[in-house]
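Undergrad: show me the folded form of this:
(one chain, ligands or ions: 1)
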Amino acid sequence: MINFKKTLRDNAIRAEQVLTVAVSKLPDNEVNRAIIYSLKTKGKRLRPALVYETAKLFGKDDGNIDRIAAAVEMIHTYSLIHDDLPCMDDDDFRRGMPSCHKKFGEAVAVLAGDGLLNFAAEVLLGGVCSENYFKAIGYIFECSGIFGMVGGQAIDISDKKPNDLETLDFLTENKTSKLMMAAMVATGIYCGGSAAQLDALATFAENFGKAFQASDDLLDCNDDDKVSYVKFLGKHDTKVKIAEYNDAAKDSLKIFGSADFFEELCDFNASRQY
Ligand code: GRG
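TA: Numbers count the residues shown, from 1 in each chain. Model prediction:
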């Protein structure tokens, strides 16, 4: 048995140390202050944890793993900064603090997001290169770009909002799951995982991402207009759906034998307070 909360915390501390070293090289200016502010506000650091725990499945741990963990958190943070902008979701608060544009203004927030995406690439490209590492970097940017997170967000802001569960699932897979897939599958690629192992990691991340989004919808279901699992299924059936996604996620990792952290992560997500 692992101590899940301690493992999550230890992974978060490790990721925050790597991020702190990375930003310590930035010159002092308003955009960089906005980058540091957004990176340092207290997130759950789930995506770095997915990286570190996937690496453990393969018994590998080195500086490139830290770079993958930091880069996915940077990409995640940029997406939150841009998602909060008035032209997107228009949120005044993020992680319990004023959102980036509320504190620094819209122009600086746009550049902070852009800067973070580039910074993620710089951090990754500063690693020790191997064929697998190169493929892993490619996978991260495929998942976070137009064939992944950006593509999902594009559907979310378009006039053609999903009006059935299947389309919502497709949106969620891109907007939410793909960055989790980036974290896990890219790490698996770097660690030399087999096709079956990479497939298992992708299936876990896809289903966990959907369960995570559905839980988030339950936590934030006051807006009747918002397209969400709760809107299509109601609260009760959304909880049933979360259990289904969690079962599929847990099932997929059987190929690794014991994957305690990931099983507990599914349970932790399902028990977030609605
Ligand atoms: C702007 C390209 C672009 C994409 C935005 C991330 C995103 C896509 C939108 C944010 C809104 C949202 C509900 C996204 C779904 C994923 C999600 C629940 C993000 C929040 O992730 P957490 O809970 O955040 O891991 P912390 O703050 O803990 O890191």
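Undergrad: relative to the ligand, how far out is Glu16?
TA: If you measure Glu16 against the ligand using C-beta to the nearest ligand atom, to the nearest Å, the figure is 12 Å. All C-beta atoms are positioned from the backbone trio N, CA, C, and that covers glycine.
Undergrad: you'd agree Arg14 is up against Asp66?
TA: Yes - counting by C-beta atoms under 8 Å, Arg14 touches Asp66, with 7.5 Å between them.
Undergrad: of those two, who's got more company?
TA: Counted by other C-beta atoms under 10 Å, Arg14 and Asp66 do not tie: Asp66 has more neighbours, with 23 against 18.
Undergrad: element containing the more buried one, please.
TA: For Asp66, the element it lies in under DSSP states H and E is helix 63-84.
Undergrad: one more: Glu53?
TA: Assessed by DSSP H and E, Glu53 sits inside helix 46-57.
Undergrad: who touches that helix?
TA: Residues from elsewhere that reach helix 46-57 (C-beta atoms under 8 Å, 6 or more residues apart in numbering): 7-8, 11-12, 14-15, 61, 65, 68-70, 72-73, 76, 179-180, 182-184, 186-188, 191, 201, 205, 212, 256, 259, 261-262, 265.
Undergrad: please enumerate the helices of the stretch 151-274 of the chain.
TA: Listed in chain order, the helices of the stretch 151-274 of the chain (DSSP state H, counting those that start in this stretch) span 165-172, 178-190, 195-219, 229-252, 260-270.
Undergrad: would you tell me which one of those is buried the most?
TA: helix 178-190 (a mean of 27; mean count of other C-beta atoms under 10 Å).
Undergrad: just want the angle from that one to helix 260-270.
TA: With axes from the mean of the first three to the mean of the last three C-alpha atoms, to 10 degrees defining the directions, helix 178-190 sits at 180 degrees from helix 260-270.
Undergrad: ok and helix 178-190 relative to helix 165-172, angle-wise?
TA: Using the same axes, to 10 degrees: helix 178-190 against helix 165-172 is 60 degrees.
Undergrad: C-alpha coordinates for helix 178-190, CSV please?
TA: Extracted as CSV, the C-alpha positions of helix 178-190 are listed here (Å, rounded to 0.1, in the frame of the first residue of the first chain):
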residue,chain,number,x,y,z
LYS,A,178,-5.1,14.8,-24.1
LEU,A,179,-2.7,16.7,-21.7
MET,A,180,-3.0,13.8,-19.3
MET,A,181,-2.2,11.5,-22.2
ALA,A,182,0.8,13.7,-23.0
ALA,A,183,2.1,13.3,-19.4
MET,A,184,1.7,9.6,-19.3
VAL,A,185,2.3,8.3,-22.8
ALA,A,186,5.2,10.7,-23.5
THR,A,187,6.8,9.4,-20.3
GLY,A,188,6.1,5.8,-21.4
ILE,A,189,7.6,6.5,-24.9
TYR,A,190,10.7,8.0,-23.3
